[in-house]
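Engineer: Dropping a prediction and its sequence here:
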Amino acid sequence: ATNQVNNIQIGSRNILRNTGNFTTSENWRVNDLPVVATDNGMSCLKLSNDTSSGYISMRQNFTGMKPNTQYTYTFLYKIGLYEQMQIDMASPDNYKYCTSNKFTVSPNFQKVTYTFTTKPNVLPTDKFWTSFACFGKGSGGFIEIADIILSEGNKIVSWLPAPEDVAQDVTNKVNAVSDA
């Protein structure tokens, strides 16, 4: 019985904002302008590099992490013409909870999942950030990111919007009706 209880997986709400069913790139800070795109019926954020710099990135800042707590971070990605993609999930002191540059160029979306535990001194008001960056070939490269989820627990959950996104969507629709 103890093993069964210890092996229970827990999932919860999405902590990140604007992470799927994209209509805007709101909440994502970038060095290039991401566009909302549809790829094989999937809504995603897309960054393209039309310069010779060979670098593109996007980032979201967020709060609400708890100390000594396990989180699962998952997303779909697709990159083209880049030699390397790097993702980071970091705290205000720049401690990297998950970082990787082991991604492959692929014509199809690939799923990535990380599970990590926050440090004991984390405060709910600490500003964390997550970023996606590509380096390499210069002009013509792109990155597409979809179904981004950061949730408390160790279970991969299906994509759901953050509760704040749902509330904002309701407000936008009420305002649109009021303005009509």
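Structural biologist: On my side now, so go ahead.

Engineer: When you work out contacts or count neighbours from here on, use the C-alpha atoms and nothing else.
Structural biologist: OK.

Engineer: and D179, backbone torsions?
Structural biologist: D179 adopts backbone torsions of phi -80, psi -20, taken as degrees, to the nearest 10.

Engineer: Check Q60 too.
Structural biologist: The phi/psi pair for Q60 (degrees, to the nearest 10) reads phi -130, psi 130.

Engineer: Find the nearest non-adjacent residue to the residue most central in space within the chain, please.
Structural biologist: By C-alpha atoms, centre = their mean, the mean C-alpha position of the chain lies nearest to I148, the distance being 4.0 Å. For I148, ignoring the flanking residues on the chain, the nearest one in space by C-alpha to C-alpha, 6 or more residues apart in numbering is F75 at 4.3 Å.

Engineer: Was I right to think that neighbour contacts Y114?
Structural biologist: No. Between F75 and Y114 there is no contact under C-alpha atoms under 8 Å: 9.5 Å.

Engineer: Which parts of the protein are helices?
Structural biologist: Here the chain has its helices, by DSSP state H, at 2-6, 163-179.

Engineer: From what I see, E152 and T74 are in contact.
Structural biologist: No. Between E152 and T74 no contact is recorded; they are 11.7 Å apart, counting by C-alpha under 8 Å.

Engineer: The two: who's more crowded?
Structural biologist: E152 (23 against 20; other C-alpha atoms under 10 Å).

Engineer: Provide the partner residues of the more buried one in its beta bridges.
Structural biologist: For E152, the beta-bridge partners are Y71 (DSSP bridges).

Engineer: Can you list the low-confidence ranges for this protein?
Structural biologist: Across the chain, the ranges flagged by pLDDT under 70 are 1-11, 30-33, 50-54, 82-83, 102, 136-140, 160-161, 166-177.

Engineer: My guess is the residue nearest to the centre of the chain contacts T74. True?
Structural biologist: Yes. Using C-alpha under 8 Å, I148 makes contact with T74 at a distance of 5.9 Å.

Engineer: give the contact list for the residue nearest to the centre of the chain.
Structural biologist: For I148, the contact set (C-alpha atoms under 8 Å, 6 or more residues apart in numbering) comprises 16, 19-20, 73-76, 159.

Engineer: neighbour-wise, which of those residues leads?
Structural biologist: Neighbour max across these (other C-alpha under 10 Å) = T19, 28 neighbours.

Engineer: Settle this for me: that residue is touching I149, isn't it.
Structural biologist: Yes. At 7.0 Å, T19 and I149 qualify as touching, with contact defined as C-alpha under 8 Å.
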